[in-house]
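K.L.:
With the input below, show me the fold.
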Amino acid sequence: MERFTISLDENLATAFDALIKERRYATRSEAVRDILRSHLQQSTEKRDAKGVCVANLSYVYNHHERELAERLMSIQHAHHDLTVSTMHAHLDHDQCIETVMLKGPVKRVREFAEEIIAERGVRHGLLNLINVQLGTPHTHDGTTHRHRHFVPRH
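P.N.:
From the prediction side, this is the model:
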């Protein structure tokens, strides 16, 4: 483990300590590590359209919008190989939220998310994408697993 020291002005230090308290970090070091990982991940995601990922796409839509639910479902079915699961919840009489768990090639996952978010009537679409690498098949308890695990990149 490497150590380094940073200097913060009083306002930034106070705001950072408030964030640490709000997110219940035990130490400043834990918070800094989390922030660095997040920033590095975002930076990698912006540069890397190759490789594979796991992702969460969440969006809000008006279920009264003409044929929107059917169009959204049709898009999901057209990309069934990317879709792991979908959760749907009713927010009020008009609005629904859906969360779609995805895995697959980064480029295709982004294209899928953009297609969903661009549908007329979809609001507040957000893709949270995590680049991963494919692990190698391994043996566990004497059994060789034929599937490959998705391992988050550091």
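
K.L.:
How far off centre is the longest helix seen in the chain?
P.N.:
Looking across the chain with DSSP state H, the single longest helix is helix 28-47. With CA atoms, centre = their mean, to the nearest Å as the basis, helix 28-47 stands 14 Å off its chain's centre.

K.L.:
which residues touch that helix?
P.N.:
Helix 28-47 has contacts (CB atoms under 8 Å, 6 or more residues apart in numbering) with 6, 16-17, 19-20, 23, 25, 106, 129-131, 153-154. For glycine as for every other residue, the C-beta is placed from the backbone atoms N, C-alpha and C.

K.L.:
In terms of pLDDT, where does the nearest residue to residue 19 once chain neighbours are set aside sit?
P.N.:
Spatial nearest neighbour of residue 19, chain neighbours left out: residue 31 (6.8 Å); criterion: CB to CB, 6 or more residues apart in numbering. In this model, residue 31 is scored at 90, pLDDT.

K.L.:
now swap in residue 48 and tell me
P.N.:
With respect to pLDDT, residue 48 scores 63.

K.L.:
What of residue 131?
P.N.:
Looking at residue 131, its pLDDT is 86.

K.L.:
Quick check: it vs residue 49, distance?
P.N.:
10 Å (CB to CB, to the nearest Å).

K.L.:
list the contacts for residue 76?
P.N.:
Contacts of residue 76 (CB under 8 Å, 6+ apart): 83, 86, 100, 116.

K.L.:
now the helix or strand containing it: how far from the chain's centre is it?
P.N.:
Taking DSSP states H and E as the criterion, residue 76 maps to helix 68-78. The chain centroid and the centroid of helix 68-78 are separated by 20 Å, computed with CA atoms, centre = their mean.
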